[in-house]
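J.: need a structure here:
(one chain, ligands or ions: 1)
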Amino acid sequence: MGESNYRSGNDRRSLSDKRTSAYRRFRNLSISEKILNTCFLVAIGIGYLVALAHMYSTHQWHDGRPGLSIDDVMINYHGSPEQTRLGSAIKGVMASNLKYKSDQDVILEWIQNGAAEPEYNDHIAPILNRDCIVCHSPAVNPSLPNLTHYAGVTEVAHAGGVSFPSLLRVSHIHLFGIAFVLFFIGKLFILCDMNVTVKRVLVMIPFAAMLVDILSWFITKDVPKFAYVVVASGALMGVSMGLQILVSIYQMWFYSGDKILIPNEIKFTTRLSKLRQKAILNRSFEDTSLIP
Ligand code: HEC
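T.: All right, here's what the predicted structure looks like:
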């Protein structure tokens, strides 16, 4: 439907409009379409800013300090030793049971480094056997965490962080929701006048960034340093999306674009002079089959 609709029935358009209408551009839109598009883009833009504010307020306190930092991101996905039951117990209610306060750091570091069995045998078991199993053994107190062997200890030494099921849930919501938003923003953005190669890349970037972002959530769960990729790809998605919105609004209202566009097919497949190319283009509006 689209193509023939806007090409026919509007004789008031300038000659340059007709020349370039082989592809649809913002200048081919009616004012009411422009208003609708602008309302949509502005609403999405504000929505994105509100999403940023929400992210800031829900995640800034993970590391106990105000402001969003890379640590907050790591703790959110990977967890932190203090978030484990063992970690919070030895920093809190169980701290007084430790004979030496320095053992607190030994245990926290062990949790941070993945709570592996060899280090448990070498460094952790001696501490727990000395200070904890008087109470924490099934024989004494079956309802308490069993700290007499490795299996029992790792049960309370799991690093927290987002659970796999909740990552899956957030991922699918993000993929569906954001793909929709990016699709509609991109659909409008391709009505801009600009170098086609640049445009083809720009229209792809936010999708690629979103995929990398979501993938890196899962990786950060195991590899905390990947939090940098989460932040970088998230920022890239935001910036590229914002750029599409701003350039689209600018071209919609403040750009007349009197340049003549020569479709690549004509430019590259023939060795005609510029004048000749334009002549072909002009004629081809009678025979639109010439224009891809
Ligand atoms: C005097 C007995 C006693 C000793 C010694 C003791 N605990 Fe506990 N521990 C308890 C009791 C009782 C609870 C359950 C009540 C509570 O959560 O405060 C508990 C709970 C815990 C929990 C579970 C907290 C939770 O998330 O529910 C952990 C982990 C723990 N202790 C670790 C330790 C470690 C590590 C040591 C050695 C440094 C230790 N405990 C020494 C009595 C003891």
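
J.: and the residue of the stretch 151-292 of the chain found nearest the ligand, what does it touch?
T.: Residue of the stretch 151-292 of the chain nearest the ligand, by C-beta to the nearest ligand atom: Val156 (4.5 Å). To be clear about C-beta, it is placed using only N, CA and C from the backbone, and glycine gets the same treatment. Val156 sits next to Thr84, Arg85, Leu86, Ala89, Pro145 when contact means C-beta atoms under 8 Å, 6 or more residues apart in numbering.

J.: Please, a ChimeraX command that selects the buried ones among the residues you listed?
T.: Buried members of the contacts of Val156, defined by 16 or more other C-beta atoms under 10 Å, are picked up in ChimeraX with:
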select :84,86,89
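
J.: so which of the contacts of Val156 comes closest to Val181?
T.: Distance to Val181 across the contacts of Val156 (C-beta to C-beta) is lowest for Thr84, with 37.0 Å.

J.: Wait, the closest one touches Thr154, no?
T.: No. Contact criterion C-beta atoms under 8 Å: Thr84 and Thr154 do not qualify, at 9.8 Å.

J.: Residue numbers of the stretch 51-200 of the chain in contact with the ligand?
T.: Residues of the stretch 51-200 of the chain found near the ligand (C-beta under 6 Å from any ligand atom) are 85-86, 89-90, 93-94, 97-98, 131-132, 134-136, 144-145, 156.

J.: same thing but at 5 Å, please
T.: Applying C-beta under 5 Å from any ligand atom, we find that the stretch 51-200 of the chain lies next to the ligand at 85-86, 89-90, 93-94, 97-98, 131-132, 135, 145, 156.

J.: Helices - which of those land there?
T.: Among those, the residues falling in helices (DSSP state H) are Arg85, Leu86, Ala89, Ile90, Asp131.

J.: how many other residues sit next to the last one?
T.: Looking back up the chat, that one is Asp131. The number of residues packed near Asp131 is 19, by other C-beta atoms under 10 Å.

J.: so what pLDDT did it get?
T.: Listed pLDDT for Asp131 reads 95.

J.: ok, it to Val106 distance?
T.: 12 Å (C-beta to C-beta, to the nearest Å).

J.: Same question for the fourth one.
T.: In this structure, Ile90 and Val106 are separated by 10 Å, where distance is defined by C-beta to C-beta.

J.: These two - which one has more neighbours?
T.: Set Ile90 next to Val106 and count neighbours by other C-beta under 10 Å: Ile90 wins out with 27 against 16.

J.: Tell me the confidence at that one?
T.: Confidence score, pLDDT, at Ile90: 90.

J.: you'd agree it is up against Ile107?
T.: Yes. Ile90 is in contact with Ile107 according to C-beta under 8 Å; the separation is 5.6 Å.

J.: gap between the two ends of stretch 139-158?
T.: Start-to-end span of stretch 139-158 (C-alpha to C-alpha, to the nearest Å) is 24 Å.

J.: That stretch: which residues count as buried?
T.: With burial defined by 16+ other C-beta under 10 Å, the residues of stretch 139-158 counted as buried are Asn146, Leu147, Thr148, Tyr150, Gly152, Val153, Thr154, Val156, Ala157.

J.: any idea how far it is from the chain center?
T.: Centre-to-centre, stretch 139-158 and its host chain are 39 Å apart (C-alpha atoms, centre = their mean, to the nearest Å).

J.: average pLDDT across that stretch?
T.: On average, stretch 139-158 scores 89.

J.: And the buried residues of stretch 139-158, which two are furthest apart?
T.: Put simply, by C-beta to C-beta the two of the buried residues of stretch 139-158 set farthest apart are Thr148 and Ala157, 14.1 Å from each other.

J.: residue boundaries of the helices in the stretch 101-250 of the chain?
T.: Here the stretch 101-250 of the chain has its helices, by DSSP state H, counting those that start in this stretch, at 102-112, 117-119, 125-131, 150-155, 164-189, 196-222, 227-254.

J.: could you point out where the chain is predicted with low confidence?
T.: For the chain, applying pLDDT under 70 flags the ranges 1-22, 159-160, 257-292.

J.: how about Leu147, what does it touch?
T.: Leu128, Cys132, Ile133, His136, Ser137, Val153.

J.: change it to 6 Å
T.: When contacts are counted by C-beta atoms under 6 Å, 6 or more residues apart in numbering, Leu147 touches Leu128, Cys132, Ile133, His136, Val153.
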